[in-house]
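Asks: with the sequence up front, the predicted model follows.
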Amino acid sequence: MKQICVIGVGYVGIVTGACFADLGNKVVALDVNEKRVENLKKGIMPIYEPGLDELVKRNVKAGRLSFTTDYAEAVNGSEFAFIAVGTPSGVKGEADLQYVAAAAKSIAENMTEPLIIINKSTVPIGTGDWVADIVRRSQPKPIDFAVVSCPEFLREGSAIGDFMQPHRTVIGSFDRDAASKVAQLHLPLRAPIVITDLRTAEMIKYASNAFLATKISFINEIADICEALGADVKEVAAGMGYDARIGRHFLDAGLGWGGSCFPKDVLALAYMAEEAGLEPRILNTVMDVNYERRKTAVSITAEMIGGSLSGKTIGLLGLAFKPNTDDMRDAPSIDIANELNVAGASVRGYDPVAMEVARGILPAVQMYTDPYEMAQGCDALMVVTEWNEFKQLDLDKIKGLLNTPVIYDGRNIYDPARMKDMGFKYRAIGR
Ligand code: NAD
Ligand code: UGA
């Protein structure tokens, strides 16, 4: 049984801690947020993630997973310390490393035995060396340590499955012994292991996220061309996806990408390129294409209800940045609601799990606990998040509740022919 500590129990930290505990390790998970730790001790999860509640409770009960705010308790006796704190966008688009720096310093101040420090947060190229420097300078007396990069590739909403069955494990370090120990720790996941240097491992993470974001912006541009020329982007994506060189994943056209990662990571990579004297033309375009989607969705909805949004009521089906999460960070719903408000519309919202978080972020949006109640008296509905429950809505009932039967389907969840037959004024993406 290895002892591991995980620093930061947000989306990545709590999943990492619970999964490593489930693999038979002893895990101490630490956060500086006292409320978060207090809640976890009571069995209250900090986030909504399918399967997490059960996984955490099972491992706490088995004595393999515990929570603390005390760095000494977390670090003492641990062979590995995973850093999983946030790296949000700074003012210039750079990754803000203040939480990583604070975590590295606290680990160094509290370590009493040799330790392998593993960076799981998404961090700019060169951060591993910088973390090593912070640790060296903050140790009260010199103790052996190694810094290893092991970026995380899980997706919210399917985080446990993604963690337990990764496509690959990337390990970056100059210390062969440390890299080999981290590889051993990941062996039960039975995924290909890529061992490389620190900077390359850090770059693999950014390049992967930027590539996926590029794929989505690409298919969104194709969707616009399909719409103009009379093709169906859903079938185009399916037809393209059979080619193994292209693949079917991440070719769903819609309102574009949001969330806590693609937006900040594409921006941070572009910032790094510019700092290095390069012009990241593709990355800049990928971002422009993406953010344009949100504006276009609002202008098409306006057109569908006669041109002006002033005095109209628009209902948003879905607020989270994607289904199966309550994460609202850079959710398209935020820009869409704000654009609608600026244009003079009243905005309503319904989301199966993100409403509580959304209330704090979108105070001008009137929240409803039922999609049918929300639809009553609306001039149009916009599908913003493709929650499964929206796919089976009673559309006849919805039609009867709306002032005008207008639906803008930003996630292509309905069949255009059926919607037309039902008498809806309906617009989808690229179809
Ligand atoms: P998060 O904001 O959900 O959680 C971060 C946690 O770290 C918070 O609970 C915060 O209180 C805690 N924290 C901050 N400073 C701390 C400190 N000094 N000591 C201990 N705890 C501290 O973040 P997240 O979404 O889990 O992302 C974490 C990192 O993982 C980011 O770099 C992100 O880019 C990367 N990542 C995220 C995902 C994802 O799906 N969310 C997937 C892959 C990689
Ligand atoms: C993404 C990556 O998929 C993970 O591999 C990575 O670990 C993570 O970022 C991260 O670094 O944090 P996540 O943001 O949780 O995961 O969710 P995705 O499923 O990738 O979706 C991101 C956004 O793209 C969502 O807004 C989603 O609606 C949009 N998307 C996704 C599309 O518009 N079309 C698609 O085909 C796929």
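Replies: Yes, it's here. Numbers count the residues shown, from 1 in each chain. Ligands and ions are numbered 1, 2, ... in the order given.
Asks: interface residues of the stretch 101-250 of the chain facing ligand 2?
Replies: 122, 152-156, 209, 212, 216, 250 (Cβ under 6 Å from any ligand atom). Using the backbone N, CA and C atoms, a C-beta is placed for each residue, glycine as well.
Asks: out of these, who has the most neighbours?
Replies: Glu156 (25 neighbours; other Cβ atoms under 10 Å).
Asks: my read: Ala179 touches Val170, true?
Replies: No. Applying Cβ atoms under 8 Å as the test, Ala179 and Val170 come out as separate, 10.8 Å apart.
Asks: for whatever residue of the stretch 1-150 of the chain ends up closest to ligand 1, give me its contacts.
Replies: Nearest to ligand 1, among the residues of the stretch 1-150 of the chain, is Gly10, at 1.7 Å (Cβ to the nearest ligand atom). With contact taken as Cβ atoms under 8 Å, 6 or more residues apart in numbering, Gly10 is in contact with 31, 46-47, 84-86.
Asks: farthest pair within those?
Replies: Ile47 and Val85 (14.7 Å; Cβ to Cβ).
Asks: please say which of those two ends up with more neighbours.
Replies: Comparing Ile47 with Val85 by other Cβ under 10 Å, the one with more neighbours is Val85, at 24 against 17.
Asks: make sure Asp252 is indeed in a strand.
Replies: No. Under DSSP: H, G, I helix; E, B strand; the rest coil, Asp252 sits outside any strand and is assigned coil.
Asks: sorry, back to before: I'd like the contacts of Gly10 as CSV, with pLDDT, distance to ligand 2 and secondary structure appended.
Replies: Putting those into CSV (pLDDT from 0 to 100; distance: Cβ to the nearest ligand atom, whole Å; DSSP: H, G, I helix; E, B strand; the rest coil) gives the following:
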residue, pLDDT, distance to ligand 2, secondary structure
Asp31, 98, 18, coil
Pro46, 95, 16, coil
Ile47, 95, 12, coil
Ala84, 98, 11, coil
Val85, 98, 13, coil
Gly86, 98, 11, coil
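Asks: restrict those residues to those near ligand 1?
Replies: 31, 84-86.
Asks: let me have the residues you listed in CSV, extended by distance to Asn284.
Replies: Formatted as CSV, these follow (distance: Cβ to Cβ, whole Å):
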residue, distance to Asn284
Asp31, 35
Ala84, 29
Val85, 28
Gly86, 24
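Asks: which one of the residues you listed has the most neighbours?
Replies: Ala84 (27 neighbours).
Asks: doesn't Leu309 make contact with Val347?
Replies: No. Using Cβ under 8 Å, Val347 is not in contact with Leu309; the gap is 9.7 Å.
Asks: and for the two, which residues touch both?
Replies: Residues touching both Val347 and Leu309 by Cβ under 8 Å, 6+ apart: Leu340.
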